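Participant: Quick one, structure for this:
(chains A and B)
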Amino acid sequence: MLRLLSLVLLGFALLAGPMVAQDIYPVVPKPAFGKPHPEGNLFMRVNHMDLLIHDRDLTMRNGDREISYSLAECLTCHAVEGPDAMPVSVESDQHFCRVCHDYAAVKIDCFQCHNSKPDAASLARLKPDEADAADIAAYLKKVEE
Amino acid sequence: MKLPALKIPKKPSEMSRRDFLQSGAAATIVLAPGVTLMAYGAKADAAPADAAKRYGLLIDVNKCSKDCTACVSACSKEHGWQDTGHPETDAQWIRKIDLVDKANGHEVSLPVMCQHCESPPCVDVCPTGASFKRVDGIVLVDKHTCIGCRYCMMACPYKARSFVHEPLTDQKSYSPRGKGTVESCTLCVHRVDKGGTPACVEACDATGNGAMLFGDLNDPESEIAKQVATYQSTALRADLGLNPGVRYQNL
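Facilitator: Here you go, the predicted model:
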């Protein structure tokens, strides 16, 4: 009887497994703008720390500021808007970096010195897309006619 | 946009042809469908920090007015350090010093910041290599490796460095600052790397005093090198033989 019960319980556990897993995985916030990484999200999930550490040393020591994937760049596209429609800081558990780092229990040291929110200037610079600008110009021209 | 020189640890045996082609080690030209020409060897990265340069400042003390603190406030605004009401521990990247000649009462006023020495004592004493001099002469703190021991603050004869005592938020993206690290004038390296001038020099020019001149001391054609070659200028504590990049005229 006990053996049967344990089998039934095991069956339930196996069935419930995927459902539970869906719930506990972090829900990664989608960036509001910017283009997807050509390397794919999986690459970034595995390698973002290496990209950042190379960038940090090259920029700090050699003054190379043209490298893709600076921390500021990450934070600009991946800014998560709070209730006040402004980017949230790493104090909030909605912050892009925190969502996964909380799940994986990996401490982020970056924000002891770096700002966890994008610069107002970089946000303003990134938001209007070039394609949008062309579309808007075309639309305005049409309206004028 | 350049990609970082990322070396993903991957054994050659695991490296597929696709990985190799994407790695940038080979430039591929398609001659005809199925026929490709490949050239090996990545091109050398041109780093903006140029060893042929020596950045410096020339400050004309006669042009610096006593009541003006435009350079100090510009630096504070640019890098986000400010008076928090704790004068003994507040960060101070640049300060105005007033000097009086006791013999005749002659007063001068001058800004003093990190002097960007050619042989910086702060770099000598740093136990972690966090305090370093860039090839173009700019002395910086790499806060990634700074442990906050403050030896450099002791070693600096100009008292140019500050220690961050309080947790900070909302730093500038180009000027990260954090509790437990030492910091000082960066000669606005984020601007210099993009061909700009430091915020203090810009602010001084905006006041019309024009007491500060920024440039490459190694370039004989630059205004600063011409001035230094033509007129007498001095370094603060020249007796120490540190050969600072910041020089003063009429002091």
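Participant: Which parts of chain A are helices?
Facilitator: Ranges of helices in chain A, per DSSP state H, are A:2-24, A:41-62, A:71-77, A:96-104, A:120-126, A:130-144.
Participant: So for residue 136, what's the pLDDT?
Facilitator: You didn't say which chain, so I picked chain A. As predicted, A:I136 sits at a pLDDT of 73.
Participant: um, chain B though
Facilitator: pLDDT for B:D136: 93.
Participant: so what's whatever residue of chain A ends up closest to chain B closest to, chain neighbours aside?
Facilitator: Nearest residue of chain A to chain B (CB to the nearest CB) works out as A:C113 at 3.2 Å. C-beta coordinates here come from the backbone N, C-alpha and C atoms, glycine included. Distance criterion CB to CB, 6 or more residues apart in numbering or on different chains; nearest residue to A:C113, sequence neighbours excluded, is B:G178 at 3.2 Å.
Participant: hang on, the one you found in a strand?
Facilitator: No: remark: B:G178 does not belong to a strand; assigned using DSSP: H, G, I helix; E, B strand; the rest coil, it is coil.
Participant: what about it, neighbour count?
Facilitator: 19 (other CB atoms under 10 Å in any protein chain shown).
Participant: Quick check, it in contact with B:T169.
Facilitator: No: using CB atoms under 8 Å, B:G178 makes no contact with B:T169, being 10.1 Å away.
Participant: How much space separates the most centrally placed residue in chain B from B:G180?
Facilitator: Compute the mean C-alpha point of chain B, and by CA atoms, centre = their mean the closest residue is B:T186, 3.2 Å away. Between B:T186 and B:G180 the computed distance is 18 Å (CB to CB, to the nearest Å).
Participant: in the stretch 51-200 of chain B, which spans are helices?
Facilitator: B:70-79, B:121-125, B:151-155, B:189-192, B:199-207 (DSSP state H, counting those that start in this stretch).
Participant: and the last one with helix B:70-79, angle?
Facilitator: With axes from the mean of the first three to the mean of the last three CA atoms, to 10 degrees applied, the angle from helix B:199-207 to helix B:70-79 works out at 130 degrees.
Participant: Is there proximity between helix B:199-207 and chain A?
Facilitator: No: under the criterion of CB under 8 Å from any CB of the partner chain, chain A is not reached by helix B:199-207; the shortest gap measures 14.9 Å.
Participant: Give the other helices and strands that that helix contacts.
Facilitator: Secondary-structure packing of helix B:199-207 (3 or more CB pairs under 8 Å, 6 or more residues apart in numbering or on different chains; DSSP states H and E): helix B:70-79, strand B:212-216.
Participant: Can you lay out the ones you listed as TSV showing mean pLDDT and mean neighbour count?
Facilitator: Listed next are those as TSV, based on pLDDT from 0 to 100; neighbours: other CB atoms under 10 Å in any protein chain shown:
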stretch	mean pLDDT	mean neighbour count
helix B:70-79	96	20
strand B:212-216	96	22
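Participant: Redo the ones you listed as CSV? Include distance to chain A.
Facilitator: Formatted as CSV, the helices and strands packed on helix B:199-207 follow (distance: least, CB to the nearest CB, whole Å):
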stretch, distance to chain A
helix B:70-79, 12
strand B:212-216, 14
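Participant: Now do the same for stretch B:181-197: mean pLDDT, whole number.
Facilitator: In this model, stretch B:181-197 carries a mean pLDDT of 95.
Participant: buried ones in that stretch?
Facilitator: Residues B:181-193, B:197 are the ones in stretch B:181-197 that count as buried (16 or more other CB atoms under 10 Å in any protein chain shown).
Participant: CA atoms of that stretch as PDB?
Facilitator: The C-alpha trace of stretch B:181-197 is given here as PDB (Å, rounded to 0.1, in the frame of the first residue of the first chain):
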ATOM      1  CA  THR B 181      37.700  53.600  -3.100                       C
ATOM      2  CA  VAL B 182      40.100  56.500  -3.600                       C
ATOM      3  CA  GLU B 183      39.500  59.000  -6.300                       C
ATOM      4  CA  SER B 184      41.000  62.200  -7.800                       C
ATOM      5  CA  CYS B 185      41.100  64.400 -10.800                       C
ATOM      6  CA  THR B 186      40.900  62.300 -14.000                       C
ATOM      7  CA  LEU B 187      41.800  65.200 -16.200                       C
ATOM      8  CA  CYS B 188      38.300  64.500 -17.500                       C
ATOM      9  CA  VAL B 189      39.600  61.400 -19.300                       C
ATOM     10  CA  HIS B 190      36.200  60.600 -20.700                       C
ATOM     11  CA  ARG B 191      36.200  64.000 -22.500                       C
ATOM     12  CA  VAL B 192      39.900  63.800 -23.500                       C
ATOM     13  CA  ASP B 193      39.400  60.400 -25.100                       C
ATOM     14  CA  LYS B 194      36.800  61.900 -27.300                       C
ATOM     15  CA  GLY B 195      39.000  64.800 -28.200                       C
ATOM     16  CA  GLY B 196      37.500  67.300 -25.700                       C
ATOM     17  CA  THR B 197      39.000  69.400 -23.000                       C
END
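Participant: my guess is B:S175 meets B:E78, correct?
Facilitator: Yes: under the criterion of CB under 8 Å, B:S175 makes contact with B:E78 at 7.2 Å.
Participant: dump the residue contacts of the closest residue to chain A within the stretch 51-200 of chain B.
Facilitator: Proximity of the stretch 51-200 of chain B to chain A (CB to the nearest CB) peaks at B:G178, 3.2 Å away. Contact partners of B:G178, counting by CB atoms under 8 Å, 6 or more residues apart in numbering or on different chains, are A:Q112, A:C113, A:H114, B:K143, B:V164, B:P167, B:L168, B:Q171.
Participant: any idea which of these is closest to A:D50?
Facilitator: A:H114 (17.2 Å; CB to CB).
Participant: Excluding chain neighbours, what is closest to the closest one?
Facilitator: Spatial nearest neighbour of A:H114, excluding adjacent residues (CB to CB, 6+ apart): B:P176 at 4.6 Å.
Participant: so how many other residues sit close to that neighbour?
Facilitator: Close neighbours of B:P176, defined as other CB under 10 Å, add up to 24.
Participant: List the contacts of it.
Facilitator: Counting by CB under 8 Å, 6+ apart, B:P176 makes contact with A:C113, A:H114, A:N115, B:K143.
Participant: can I get those residues in JSON lines with distance to A:E91 and neighbour count?
Facilitator: Formatted as JSON lines, the contacts of B:P176 follow (distance: CB to CB, whole Å; neighbours: other CB atoms under 10 Å in any protein chain shown):
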{"residue": "A:C113", "distance to A:E91": "15", "neighbour count": "20"}
{"residue": "A:H114", "distance to A:E91": "14", "neighbour count": "22"}
{"residue": "A:N115", "distance to A:E91": "12", "neighbour count": "25"}
{"residue": "B:K143", "distance to A:E91": "21", "neighbour count": "20"}
